[in-house]
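# Sequence isn't available, so here's the structure alone:
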């Protein structure tokens, strides 16, 4: 194998192991053994476990960011729901590695890993803005999107801890959460009200946002 | 000064400095100088900057946790609003230290600091459960409370980054967010519906939850 090929193989092996156990619990020996090479040879390609971890995280981050891409077609609720499905696919595939990363800890709290996590959040933020066709977001819209992204992260983390709620429900709940938080924000801001009306106007009668509005009315009555 | 007294003084000085600049940017020399003692003497009380940082964090965590205490009197919305005011007081007082801590980074991503942050989250979680008079929360209620706590954290962090939205609005918005997210959760779960009705039944006509319900109805119509 060439150098790049071997590096890619080791990254793949590491990601598979991190998907089953926290990176803190996976040794270089295990990675070497799973890749069928010697421990010193692993160090030939990656100077230490942290550099292999960071390379694996970089690949996972690119993978996740690519799942946020969604055609600008159909209702906004439907688009967000499809992205949530792919987000939970990712979370499901990377379980323990995702948890360890997002909860921080000895192997994963470095500046480089934090910067990488933030870069994925930034991709998610920009994607949502582009679907809303907003280029210069007011402060309340930025708050809505960024705080909803953190809500999605924590929902996924809590789901991974025992999987006590079916993920399909959480995917659709997060779409509803976005609309509900937008509705709260609209109380304070004319622009947010206009945005919410724009979000809701192209929604189909059986879409997730219409469903939520009907439910809120029945609860309030 | 006695040993304990001197340690407490250094913790106080460190917290004041961390309230103005990120802990990463504050040197032991500055802490020594602000406390009016020599650098070697600081090391006599704290073996390194991390141990002083952790002691300061511990005191700040106890301070924050104590602000979550609220008498079990009056409407739930009013209680949560008072806690949110005290939470933003804390965030305001500890700005850069709070940001650096919650965003992770070289000085702050240790297992000990993460465990301390989680212990404060756990206090917040238990306080909310006790106000809802729930001892054995179903999975969806646990999700609601824990994910709302992360929403409150990220809202505070985004506020600190430029303070572009008046904090009083964010305090009341977070109370509304809790009710809105509960309303979304109620779609999937009978228990959550019962809980939401319980939350809303004692609300005054001019309270934050009633305000939200009226607004949602007007938006949906």
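Yep, it's here. All values reported here derive from a predicted model rather than from experimental measurement.
# Residues contacting the helix or strand hosting residue A:52, please?
Using DSSP states H and E, residue A:52 sits within helix A:49-67. Under the criterion CB atoms under 8 Å, 6 or more residues apart in numbering or on different chains, residues A:7, A:10-11, A:14-15, A:18, A:23, A:27-28, A:31, A:42, A:45-46, A:83, A:86-87, A:89-90, A:94, A:97, A:101, A:107-108, A:110, A:112-113, A:116-117, A:119-120, A:123-124 lie in contact with helix A:49-67. Any C-beta I mention is one placed from the backbone N, CA and C, and that applies to glycine too.
# Determine the three-state secondary structure at the residue lying closest to residue A:130 once chain neighbours are set aside.
Nearest non-adjacent residue to residue A:130, counting by CB to CB, 6 or more residues apart in numbering or on different chains: residue A:72, 7.5 Å away. At residue A:72 the chain is in coil, as set by DSSP: H, G, I helix; E, B strand; the rest coil.
# burial of residue A:72, as a residue count?
Residue A:72 sits with 9 neighbouring residues when counted by other CB atoms under 10 Å in any protein chain shown.
# Now do it, the pLDDT please.
Note for residue A:72: predicted pLDDT of 96.
# Could you measure from it over to chain B?
25 Å (CB to the nearest CB, to the nearest Å).
# Please verify my assumption that that residue contacts residue A:131.
Yes. In this structure, residue A:72 is within contact of residue A:131 by CB atoms under 8 Å, at 6.4 Å.
# Now the common contact residues for those two.
By CB under 8 Å, 6+ apart, residue A:72 and residue A:131 have these common neighbours: residue A:79.
# Report the contact partners of the residue nearest the centre of chain A.
Nearest residue to the geometric centre of chain A (CA atoms, centre = their mean): residue A:87, 5.3 Å. By CB under 8 Å, 6+ apart, the contact list for residue A:87 reads A:64, A:67-68, A:152, A:156, A:171.
# For chain A, which segments count as helices?
A:3-18, A:28-35, A:39-45, A:49-67, A:76-93, A:95-103, A:111-131, A:139-160, A:167-185, A:190-201, A:208-220 (DSSP state H).
# Just give the number of residues close to residue A:76.
Neighbours around residue A:76, by other CB under 10 Å: 23.
# The nearest residue to it once chain neighbours are set aside: neighbouring residues, count only.
In space, and not counting its chain neighbours, residue A:76 is closest to residue A:199: 5.4 Å by CB to CB, 6+ apart. For residue A:199, the count of nearby residues is 20 (other CB under 10 Å).
# cool, residue A:214 as well?
Residue A:214 has 13 nearby residues by other CB under 10 Å.
# tell me the mean pLDDT for stretch A:84-92?
97.
# Residue A:193 and residue A:186 touch, don't they?
Yes. With contact defined as CB under 8 Å, residue A:193 reaches residue A:186; the gap is 4.2 Å.
# For these two, indicate the residue with more neighbours.
Neighbour comparison, residue A:193 and residue A:186: the larger count goes to residue A:186, with 22 against 18 (by other CB under 10 Å).
# thought residue A:170 was touching residue A:155?
Yes. Using CB under 8 Å, residue A:170 makes contact with residue A:155 at a distance of 5.7 Å.
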